[in-house]
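Asker: Coordinates for the following, if possible.
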Amino acid sequence: MPLINIVFLLLIFFMVAGRLGASDPFEVTPPETGQAEAARMDGVEILLGADGALALDAREMERAALMAELARRLGDAPGTRVRLRADEGGEARALVALMQELRALGAREVTLVTRPVSR
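Answerer: Model (predicted):
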């Protein structure tokens with residue numbers, strides 16, 4: 001097989017593979033923790049920025065629209081897991097308020113995503 005064919009196949013592979021993951025609409029740095037367990041990747045993911053910005057599954061949304069969409073999803077599949085990635089620079093009050101709203105919507109399991117302590 002000529003080398004040029006291999007090069008083009010690799011090029012196509014990396015073009016396709018590079019587009020598989022959606023990027024976040026804003027930067028979020030989760031808080032550090034000593035916990036070594038990895039978060040499950042199923043369910044929905046909510047991003048909470050340091051400035052209070054919200055995103056649902058990599059789409060930035062207003063709070064009311066996010067809650068309405070999440071209520072619809074939880075109504076369709078009540079056991080849906082919710083992952084919450086909050087920025088470490090945000091206010092704890094905003095995080096607690098959001099978690100209370102999620103519980104009120106019927107979220108049974110809310111996982112706060114963290115990162116391992118850097119040494």
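Asker: contacts, neighbours, all on C-alpha from now
Answerer: Noted.
Asker: Val7 versus Asp57, what's the distance?
Answerer: Asp57 sits 34 Å away from Val7, taking CA to CA, to the nearest Å as the criterion.
Asker: Would you confirm that Gln100 belongs to a helix?
Answerer: Yes: Gln100 forms part of a helix when assessed by DSSP: H, G, I helix; E, B strand; the rest coil.
Asker: neighbours around it, how many?
Answerer: Residues lying near Gln100 (other CA atoms under 10 Å) number 12.
Asker: quick one: Arg72 from Thr114, how far?
Answerer: Taking CA to CA, one finds Arg72 at 27 Å from Thr114.
Asker: Who has more neighbours out of these two?
Answerer: Thr114 (22 against 13).
Asker: if we can go back for a sec, neighbour count winner among Asp57 and Val7?
Answerer: Asp57 (16 against 11).
Asker: For that one, give me the backbone phi and psi.
Answerer: Backbone torsions for Asp57, taken as degrees, to the nearest 10, come to phi 50, psi 50.
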